Each structure stands twice: as C-alpha cells, then as structure tokens.
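Q: With the input below, show me the fold.
(4 chains)
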There are 2 protein chains.
Amino acid sequence: MAKPATPARERLLAAADELFYARGINATGIDAIVERAGVALATCYKHFGGKDKLVTAYLSQRDEQWRADWEAAIADADEPLLALFDALERWWTTTGHRRGCAHVDAAVELTDPDHPALAVVAEHKRHLLHRLTEIAAAEGFSAPGEIAADLLLIYEGTLSALLLNITPDPFTQARRLAAARTSR
Amino acid sequence: MAKPATPARERLLAAADELFYARGINATGIDAIVERAGVALATCYKHFGGKDKLVTAYLSQRDEQWRADWEAAIADADEPLLALFDALERWWTTTGHRRGCAHVDAAVELTDPDHPALAVVAEHKRHLLHRLTEIAAAEGFSAPGEIAADLLLIYEGTLSALLLNITPDPFTQARRLAAARTSR
DNA sequence: TTCTAGGTAGAACGACCGTTACACTAGTCC
DNA sequence: GGACTAGTGTAACGGTCGTTCTACCTAGAA
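A: Residues are numbered from 1 along each chain as shown, chains lettered A, B, ... in the order given. Below you'll find the predicted structure:
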C-alpha cells in the first residue's frame, strides 16, 4: 500500500483484474481497462506509469487476495493441509471465469524474461510452497518439504484441469490424491 | 497429411515450432517465422492461408510427435501407466526450452474461444485421458477412468511445476505420486 | 516451345496499441 | 484569492503485425 488508494486507482485495478483475467494480458489494451474503469487514460498513466506496472499491480493484488482467502480456509479447516483445495473450490465456484490461475497465465503470456510482473508470479508460488511446508511441519510430518511440494504439484494439476476442462470433477480428485498423500 | 509435404512447408512448420514454443504464439510474428524458415512471406500464405491455420498446424504436429514419443515409451516401459512420465522426462531433458506444454500455453494465449487451434488442444488432452484409461483397463484396474484422470492431473501438475520452476525435482515427485496411486 | 506450379522479393494497406502531450475543470488547503 | 492536487478529454506519434498484391523467376511437363 505504498500509494494512496484513491477511488480512480481502485477502479482501475478492479477493471484490470476483470479484463486481464478474462481476456488475457496481451489481448487487453489499456484503452479497454480505462473505459471499463470510467477513468481518463492520463489518470491511468499517472497512477501506474505504464502497462507493465499495471500488470504487476494486478498480480500483486491477486496474490494478496488469494493469501487472505487461503488463510481463512486454513483457520476453518479440520485438516489445514487440505484447506488449499477448500479455498480453491470456493474461489472457483464463486467466480464465473474459467482461465485457471492468473499467475500461471501471466507466466505463459509474458514472454520477456525481464518483465517485472514475473517476479510477483515467482513470489506467489514460492509463498505457496513455503506456507505449505510450515503447515506440514506444524502438523508433525517428518518430511514437510516433500509433502508441501507434492501438494503444490496436485494443486497446479487441479488448476490446469480446471482451465482445460479435461476432467469431470477435479476437486474430488485433488482431495482424494491429497488425502492419500497426507494420511498416516 | 492432406497437403503435400514440400520442403518449404516443412521448413515453415519447423520454424513455427521453434518460435511459437520458445517466444509464445502472440509474441511471434509471421515475419519472424518466414525469416527463420528462409522462405518468402507469400509462400507461407499460399501453404497455410493465415496465422490461425499455421498455429493449428503447429499444434497438430506437436500432438502427433507427442503421441509417437509416448507410444514408444509405453512399449519400452515395465509399467505402461508410468510411461507418461518417462516420455515427459525424456522430452524435457532433450530439448532446451522451459515453457511447459505447448497446448496448455496455447489455451492460455488464445483468448478467442472460437480460435480453430483450440480444438486441437482439446483433442490432445482428450486423447491423453482416453489412452490412459485404455491402459489402466488393460492392466486390469477396476476403475480405469478414475486412475486415468488422477494420472492426468499429476501429469498436468508436473508440467506446471516445470514451467514455473517451483519444485526441485518434479519427475521424482510425479513418479512417486503416480506409483502410489497405481499400487495394489 | 509453351504452360504451369512453386517459389521469391518487396512494397503497401489497415488496424491496433502503448505512450505522450496539451488544455481544461473542480475541489482543497493555506 | 492563490496554489496545489487529482482528474478529464482528445489528439497525435511511432511502432508492430496480419494480410494482400504485383512482378518476377525457374524447372519440369506437354
């Protein structure tokens, strides 16, 4: 929250979130975001200074939101390690879009390896692995890093399955696989 | 093989394969492919008629290649169900690029749901599920469809983990998870 | 020889997009 | 009142890209 959250800035971020996710980053022009936000083009550039930074802010916001949702699910869950899939299913069923994980999409779309938004993607996934490892350790598992990596792999597979629509019920699958992996 | 495989056509497809995969579909212009192939621009349009169809041909070729590699791995493997991961690792270690699955990338990049190439993507993944189900049935598993879906989910997760570089050794992970799922 | 198929080279078009600049407005605070 | 801040609206620039067109070339078949 370095910058003040003015209404214009918030509306720009909300519009960017909708359009970047639904239509893709490269396919979405600044003009479309500005129009959706009901804001002047110059205002967008005053706040973000360019598309790259707007994309970065969009992904950061998604990361923040996801962490909050996940932590809430962890607090609610009987088995904290499986809360990942509770949060995923809640997110998936409450939003209408079908484009998988916004961070994975960005990693695919942003071809330039120096794009600043890619750092946010890497940090988002790093956090997933780190937090899963923490939870597994707290649950007393002997190899928490291995369990965390396996759950992350299952999670990524679920996201892909959702994006590609290849499997009838990815959530049930994911929970079955994850439960088998974490049973003792 | 409806069209004759003239040298120009082959070189165009080879160039498209390299560039579309390495730099992304949207970020790669026809000009770049034509230059890489050492072919005239008009020749490209005479063979493919447009970028959409070139992309479609590129993905079809990848699909064909992947099926052949996988079938070879199945023939070689002790456990046919796990050959998927043998083929994946061989492909990954013999090619230099790190952009995950070309078909998933296309599904992310091609925002227009009517893009003709998306049918190839869907068919590619449908075939994976179908063939895995066949093998599981041949191996005598009682719920071959379930096993196939689980293996496909693990496979997709591995591809994502490779793309995002989030996990130290996705192949070992994938084999461990898959072996646990198919043990009896 | 003539016809044809496949390939070449280069230019041009139209559209889109990220970015910048300029002139203007309205509220706020000293 | 004056200065500052945030926002508006429009126009233009420069670049990229998919696509089309025209003219030309070459090798082999009829």
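Q: Help me confirm that A:F48 comes into contact with A:Y58.
A: No - taking contacts as Cβ atoms under 8 Å, A:F48 lies outside contact range of A:Y58: 9.7 Å. From N, CA and C alone the C-beta is placed, and that goes for glycine too.
Q: higher neighbour count, those two?
A: For the pair A:F48 and A:Y58, the greater number of neighbours falls to A:Y58 (27 against 22), based on other Cβ atoms under 10 Å in any protein chain shown.
Q: which residues does that one contact?
A: Neighbouring residues of A:Y58 by Cβ atoms under 8 Å, 6 or more residues apart in numbering or on different chains: A:13, A:16-17, A:20, A:102, A:117.
Q: if we go to 6 Å?
A: Applying Cβ atoms under 6 Å, 6 or more residues apart in numbering or on different chains to A:Y58 gives the contacts A:16-17, A:20.
Q: Relative to DNA strand C, which of those is nearest.
A: For the contacts of A:Y58, the minimum distance to DNA strand C (Cβ to the nearest atom of the strand) is 10.3 Å, reached by A:F20.
Q: Show me what from chain A comes close to DNA strand C.
A: A:27-31, A:41-42, A:45, A:49-52 (Cβ under 7 Å from any atom of the strand).
Q: Just the buried ones out of these, please.
A: Listed as buried from these are A:27-28, A:30, A:51; burial here means 16 or more other Cβ atoms under 10 Å in any protein chain shown.
Q: ok, is stretch A:109-129 in contact with chain B or not?
A: Yes - residues of stretch A:109-129 contacting chain B under Cβ under 6 Å from any Cβ of the partner chain: A:111, A:125.
Q: And for that stretch, what's in contact with it?
A: A:25-26, A:52, A:55-56, A:59-60, A:63, A:103, A:106-107, A:148, A:152, B:23-24, B:27, B:164, B:166.
Q: Return the distance of that stretch from the chain's centre.
A: Taking the mean of its C-alpha atoms, stretch A:109-129 sits 11 Å from the chain's own mean (Cα atoms, centre = their mean, to the nearest Å).
Q: near DNA strand D, anything from that stretch?
A: No - against DNA strand D, stretch A:109-129 shows no contacts by Cβ under 7 Å from any atom of the strand, the least distance being 10.2 Å.
Q: List the buried residues for that stretch?
A: A:109-111, A:115, A:117-118, A:120-121, A:124-125, A:128-129.
Q: Among these, which one lies nearest to B:T95?
A: B:T95 lies nearest to A:T111 out of the buried residues of stretch A:109-129, by Cβ to Cβ, at 17.2 Å.
Q: what are the phi and psi angles of that closest one?
A: When quoted as degrees, to the nearest 10, the phi and psi of A:T111 stand at phi -70, psi -40.
Q: Can you give me the neighbour number for A:E18?
A: Neighbour number of A:E18 under other Cβ under 10 Å is 16.
Q: May I have the strand or helix carrying it as PDB, with CA atoms only?
A: A:E18 is part of helix A:7-23, with elements assigned from DSSP states H and E. What follows is helix A:7-23 as a C-alpha-only set of coordinates in PDB (Å, rounded to 0.1, in the frame of the first residue of the first chain):
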ATOM      1  CA  PRO A   7     -11.100   5.800  -6.000                       C
ATOM      2  CA  ALA A   8      -9.700   6.100  -9.500                       C
ATOM      3  CA  ARG A   9      -6.800   3.800  -8.600                       C
ATOM      4  CA  GLU A  10      -9.100   1.300  -7.100                       C
ATOM      5  CA  ARG A  11     -11.400   1.300 -10.100                       C
ATOM      6  CA  LEU A  12      -8.500   0.900 -12.400                       C
ATOM      7  CA  LEU A  13      -7.300  -2.100 -10.500                       C
ATOM      8  CA  ALA A  14     -10.700  -3.600 -10.400                       C
ATOM      9  CA  ALA A  15     -11.100  -3.200 -14.200                       C
ATOM     10  CA  ALA A  16      -7.600  -4.600 -14.800                       C
ATOM     11  CA  ASP A  17      -8.400  -7.600 -12.600                       C
ATOM     12  CA  GLU A  18     -11.600  -8.400 -14.600                       C
ATOM     13  CA  LEU A  19     -10.200  -7.800 -18.100                       C
ATOM     14  CA  PHE A  20      -6.700  -9.100 -17.700                       C
ATOM     15  CA  TYR A  21      -8.000 -12.300 -16.300                       C
ATOM     16  CA  ALA A  22     -11.000 -12.800 -18.500                       C
ATOM     17  CA  ARG A  23      -9.400 -11.800 -21.900                       C
END
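Q: Average pLDDT for it, rounded please.
A: For helix A:7-23, the mean pLDDT works out to 96.
Q: ok, residues contacting it?
A: With contact meaning Cβ under 6 Å, 6+ apart, helix A:7-23 is reached by A:28, A:32-33, A:36-37, A:39, A:43-44, A:47, A:54, A:58, A:61, A:97, A:99, A:102, B:111.
Q: Filter those down to the ones in helices?
A: Using DSSP state H, the subset of these located in helices is A:32-33, A:36-37, A:43-44, A:47, A:54, A:58, A:61, A:102.
Q: now, among the contacts of A:Y58, which is nearest to DNA strand D?
A: Nearest to DNA strand D, judged by Cβ to the nearest atom of the strand, of those is A:A16 at 14.6 Å.
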